[in-house]
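Student: below is the structure, and that's it, no one-letter string:
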């Protein structure tokens, strides 16, 4: 019997380590009980998982998120054979990151979130987790990654702990109390002027005087788009003008802040309906 072979692709962000495990079929050696300082979340693409955790075995259906609390002893399934190839993501999250997000939700210091459930079947939460992993894997912009991090962890905390946000209409800004439309206008103007830069959500929060949590939700409510989608639209609008001037696709991708030509081409086609090459030919 052949041993299962595993490939691991790791990506690191501040406070987060994402690992993509790709297994071939074959025999497995069970891992011993252990614990991590970080919270551990997992999502399987095509293989049901199982954990021994808090004194019991917990089956994890395909497409469900699993979560292991910081510092708690656990072990994976005791299976010794994998009949089919398997792929899954693991995310290790520093407790300080969850503590920071929880504090922004409550608008005050709170203790570490405690998750009573070990298996989470919420489809929207799974989609956010998937989108975050893809964004990291494909070198998305800092703003897109920051926004997805905040969206995922704030939803994770609100849906699965006793902590709930105050009304979005009454949460106070972290620094100032300017009119909301003025704060959003400041952010819009900044993104328009710095569309080619890889700005972070923390930077936008600082210039607006709002917390990241409040800014992200207020912007979406007033503008109808997420911050990263708004930034992307500005870049594509600028790209169309540059292509119409006869600039090369490579040059346009670079000047509008996209990671590379393929990244630019994918977003351009999705928003414009045609490729940059075809758009350029038609001018």
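Tutor: Here it is on my side, so go on. What you see is a predicted model; the values in this text were computed from it and never measured.
Student: run the chain-centre distance for the strand or helix carrying residue 230.
Tutor: Here residue 230, judged by DSSP states H and E, is contained in helix 227-244. On the basis of CA atoms, centre = their mean, to the nearest Å, helix 227-244 sits 22 Å off its chain's mean C-alpha point.
Student: would you mark the buried spots in the helix or strand that that helix is followed by?
Tutor: With elements assigned by DSSP H and E, the helix or strand that comes after helix 227-244 is helix 249-255. Neighbour-count burial for helix 249-255, counted by 16 or more other CB atoms under 10 Å, picks out 249, 252, 253, 254. All C-beta spots, glycine's among them, are computed from the backbone N, C-alpha and C.
Student: which one of the residues you listed is nearest to residue 130?
Tutor: Distances from residue 130 to the buried residues of helix 249-255, taken as CB to CB, are shortest for residue 253 (25.5 Å).
Student: report pLDDT for the closest one.
Tutor: Note on residue 253: pLDDT of 93.
Student: cool, and the one 3 residues further on?
Tutor: Note for residue 256: predicted pLDDT of 94.
Student: residue 169 too?
Tutor: The per-residue pLDDT of residue 169 was computed as 34.
Student: now swap in residue 264 and tell me
Tutor: 92.
Student: likewise residue 179?
Tutor: In this model, residue 179 carries a pLDDT of 34.
Student: start the count at 26 instead of 1 going forward.
Tutor: New numbering, starting at 26: the last item is residue 204.
Student: how is this protein divided into domains?
Tutor: Domain ranges of the chain: 31-184, 191-249, 255-306, per automatic domain parsing.
Student: and which of the buried residues of helix 274-280 is nearest to residue 242?
Tutor: Out of those, the member with the shortest distance to residue 242 (by CB to CB) is residue 278, at 30.8 Å.
Student: need the contact list for the closest one.
Tutor: 264, 285, 286, 288, 289, 290, 301 (CB atoms under 8 Å, 6 or more residues apart in numbering).
Student: so the first one makes contact with residue 290?
Tutor: Okay, so that is residue 264. No: counting by CB atoms under 8 Å, residue 264 stays clear of residue 290, with 10.3 Å between them.
Student: more neighbours: which of the two?
Tutor: residue 264 (26 against 16; other CB atoms under 10 Å).
Student: got a list of what the more buried one touches?
Tutor: 277, 278, 281, 289, 293, 301.
Student: separation between the first one and residue 48?
Tutor: This means residue 277. Distance of residue 277 to residue 48, given as CB to CB, to the nearest Å: 40 Å.
Student: which other helices and strands contact the strand or helix carrying residue 240?
Tutor: If you go by DSSP H and E, residue 240 is part of helix 237-248. If contacts are counted by 3 or more CB pairs under 8 Å, 6 or more residues apart in numbering; DSSP states H and E, helix 237-248 sits against helix 120-131, helix 167-185, helix 205-218, helix 226-233, helix 252-269.
Student: check the offset of the first one from the chain's centre.
Tutor: It refers to helix 120-131. 15 Å.
Student: likewise stretch 55-75?
Tutor: That offset, for stretch 55-75, works out to 19 Å (CA atoms, centre = their mean).
Student: what about that stretch, how long is it end to end?
Tutor: 12 Å (CA to CA, to the nearest Å).
Student: buried residues, that stretch. List them.
Tutor: Quick answer for stretch 55-75 (16+ other CB under 10 Å): 63, 64, 65, 66, 67, 68, 69, 72, 74.
Student: among the residues you listed, which pair sits farthest apart?
Tutor: Maximum distance among these (CB to CB): 22.9 Å, for 63 and 72.
Student: and the strands in the stretch 26-175 of the chain?
Tutor: If DSSP state E, counting those that start in this stretch is used as the criterion, the strands of the stretch 26-175 of the chain fall at 31-38, 41-48, 51-52, 64-69, 74-78, 81-85, 90-93, 99-101, 106-107, 111-118, 144-145.
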